[in-house]
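**Student:** Turn this into a structure:
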Amino acid sequence: MRTFLPFLLLLPLAACEGTPGAAGADGADGADGSDSSGDSEAAWVPARLADIEGKAEDAYDMALAGDYAAVADDAADMTAGWAYFRDQVGADGASEADLVALDVAIAALNEAVANQPDLTDYELARAANMISEPMDELFGVYQDPVPAIILSLDYGGREVQLDAYEGNFDAALVHIGDLERGWASVKPRVLAVGADTDAVDYEASLAAQTELANAADSAGLVDEAEVGLDIVDLLEDAFWL
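**Tutor:** Here you go, the predicted model:
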């Protein structure tokens, strides 16, 4: 779960919401997979965009808990928030492809909510998690102490967990591979802020996840994916210290 509160308390509302044209593509992940968020002159991550990501994570948790009313509430809030703020994010420098990706993900979650009786909790949770898929690129438009690519570790870790719940170990190995590539690109920045122990622990978790997926250990992989997600939270916190 991302931490945004310190800057939201310190910055005026106008800065939190972003300024049209103030951000640019300089804050996005580079073509080589490197992450340059926080290096541009863009505004800080807008509160409304951070709120959508937070509600997506909450919808994931609520879907797994079987709280369908809460998922529906989160979906409605995200739909309204994105409709209000989408043009601003585009003006700030987000690509059309990333804007459309979030359009599609929010529409898909609303459809999943409408068809919830026909879906498993895991299918509903995956629909919620898809909203987080383009968030690393959207956050990358703005400045943030936490490298934007770390959002992809949150998203990918939840995908691994869902793969484990569903017993789809081939998909889990693909998603673990994605996590390994994302981690390789952000590891130098993690070490630069002194989070050496967390880095070692995260690499150990990825290795354990690979071993559990190869062993088709569903329960073990669910638990280890949660361990990995908890470590990602610690990695995020390290950039605020």
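**Student:** how much space between the residue of the chain most remote from its centre and residue 224?
**Tutor:** For the chain, the largest distance from the centre (CA atoms, centre = their mean) belongs to residue 215, which lies 27.2 Å off. Distance, residue 215 to residue 224, by CB to CB, to the nearest Å: 11 Å. For the C-beta atoms, the positions are set from N, CA and C on the backbone; glycine is no exception.
**Student:** pLDDT at the residue nearest the centre of the chain, what is it?
**Tutor:** The chain has residue 151 as the residue nearest its centroid, 3.7 Å off, counting by CA atoms, centre = their mean. According to the prediction, residue 151 has pLDDT 94.
**Student:** Find the helix or strand that it is a member of.
**Tutor:** Following DSSP states H and E, one finds residue 151 within helix 150-166.
**Student:** Show me which residues of the next helix or strand after that helix are buried.
**Tutor:** Downstream of helix 150-166, the next assigned helix or strand under DSSP H and E is helix 169-192. Within helix 169-192, the residues that qualify as buried are 169, 171-173, 175-176, 178-179, 182-183, 185-186, 189-190, counting by 16 or more other CB atoms under 10 Å.
**Student:** Please name every helix or strand in contact with the host helix or strand of residue 106.
**Tutor:** Assigned by DSSP H and E, residue 106 belongs to helix 96-114. Packing contacts for helix 96-114, counted by 3 or more CB pairs under 8 Å, 6 or more residues apart in numbering; DSSP states H and E, involve helix 68-91, helix 121-129, helix 135-139.
**Student:** Of all these, which one is nearest residue 238?
**Tutor:** helix 135-139 (17.1 Å; CB to CB).
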